[in-house]
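Peer 1: here is a sequence with its predicted model. Questions after.
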Amino acid sequence: MLPPYPSHAPANFDCVFCRIVREAGPTLAARHPSDVVYQSECCTAFLAIHRWQSIPLTVLVVPNEHYENLYTLPVRYAEPLHSLTRSVALALKGLYNCDGISTRQHNEPAGNQDVWHYHVHVTPRYHQDDLYRSSKIAFPEEERLAEAARLRDFIAAHQAELFEP
């Protein structure tokens, strides 16, 4: 028998990722400044508000519905989430000319999860970037929004290549 999967979200948890997903539709349509770089019917990709010192940015890919972690995520999300993660990775390779891509996903406090909404980190990597020896730093909003716009424009211009069937 499988163990129970308790929620680690605090009482009255207000999920910031759910808020980003809800606000993305009209924001993207109106082209107002946004951290969101892509949204489908079931998944959204947006820039993280922190980045690593040696890395320009990290993109988070989330389901549009709230699921706390991998244990509670319905299997029907596996393909669309992985597909969007792949598309974001290809876009990062194309725009940032990086040497590689790291993807990470954390579950529960012991697994280093700190936002109680399932998400995948997609991070461009460079030879000798010392990612795991560097510190996370705040990603200033003006810079973050400018990078989100660049990435959003790249994705729009290369949509057929990035989202091939």
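Peer 2: Yep, it's here. Numbering: from 1, shown residues only.
Peer 1: who are the contact partners of the residue sitting furthest away from the middle of the chain?
Peer 2: Each residue of the chain has a distance to the centre, and by C-alpha atoms, centre = their mean the biggest one is for Met1: 32.4 Å. By C-beta atoms under 8 Å, 6 or more residues apart in numbering, no residues touch Met1. Placement of C-beta: from N, CA and C, glycine included.
Peer 1: in the longest helix along the chain, what counts as buried?
Peer 2: As assigned by DSSP state H, the longest helix anywhere in the chain is helix 78-96. Residues of helix 78-96 classed as buried: 80-81, 83-92, 94-96 (neighbour count, 16 or more other C-beta atoms under 10 Å).
Peer 1: with stretch 98-111 instead?
Peer 2: Buried, per 16+ other C-beta under 10 Å, within stretch 98-111: 98, 101-102, 105-108.
Peer 1: so can I have CSV of the residues you listed showing pLDDT?
Peer 2: Shown next, in CSV, are the buried residues of stretch 98-111 (pLDDT from 0 to 100):
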residue, pLDDT
Cys98, 97
Ile101, 98
Ser102, 97
Gln105, 97
His106, 96
Asn107, 95
Glu108, 92
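Peer 1: pull the most distant pair out of those.
Peer 2: Taking C-beta to C-beta, the two most distant members of those are Cys98 and Glu108; they sit 29.5 Å apart.
Peer 1: ok, how many other residues are close to Val59?
Peer 2: 28 (other C-beta atoms under 10 Å).
Peer 1: list the contacts of the nearest residue in space to it that is not next to it in sequence.
Peer 2: Spatial nearest neighbour of Val59, chain neighbours left out: Val122 (4.5 Å); criterion: C-beta to C-beta, 6 or more residues apart in numbering. Going by C-beta under 8 Å, 6+ apart, Val122 touches 45, 58-61, 85, 88-89, 92, 101-103.
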